[in-house]
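> below are the sequence and a predicted model; questions follow.
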Amino acid sequence: MLGNKEMMAAMMKNNPMIEQMKKANPEIGDALEDPAVLEQMMEVMKDPVKMEEMLRQQDQMLTNLQNMPGGAKAFDKLSRDLQGLDIPG
């Protein structure tokens, strides 16, 4: 299942949370429909080392964002936007 881009794209298309996120942030929608991004996502999900590295890089990027002028404000907006999503559970 993780090796099939079409199945992955269909799963994301049928996920209401992903659809809501795409409507709120069209850039995310564009990225999630990019075959290269889907390929990268599948690779990361298959390899725990790559997943850990990606999460480490993400943490570093968020830290860098917060340390930039205006970055804390941008981070707060991102947090509010994500909190506004209707996430089940």
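Structure's in. What do you need?
> spatially nearest residue to A31 (excluding sequence neighbours)?
In space, and not counting its chain neighbours, A31 is closest to V37: 5.1 Å by C-beta to C-beta, 6 or more residues apart in numbering. All C-beta atoms are positioned from the backbone trio N, CA, C, and that covers glycine.
> list the buried residues for the helix or strand bottoming out on mean pLDDT in the chain?
Every helix and strand in the chain was compared by mean pLDDT, DSSP states H and E; the lowest is helix 5-13, with a mean of 80. Going by neighbour count (16 or more other C-beta atoms under 10 Å), the buried part of helix 5-13 is 8, 12.
> immediately after it, which helix or strand?
helix 16-24 (DSSP states H and E).
> what's the angle between that following helix and helix 5-13?
Helix 16-24 and helix 5-13 meet at an angle of 80 degrees, taking axes from the mean of the first three to the mean of the last three C-alpha atoms, to 10 degrees as the criterion.
> coming back round to it: give me the contacts around the least confident helix or strand of the chain.
1-2, 18-19, 32-33, 35, 38-39, 41-42 (C-beta atoms under 8 Å, 6 or more residues apart in numbering).
> could I get the full set of strands for the chain?
Secondary structure of the chain (DSSP state E): no strands present.
> how near is R56 to A24?
The gap separating R56 from A24 is 27 Å, by C-beta to C-beta, to the nearest Å.
> of the two, who's got more company?
A count of neighbours by other C-beta atoms under 10 Å puts A24 above the other of R56 and A24, at 13 against 10.
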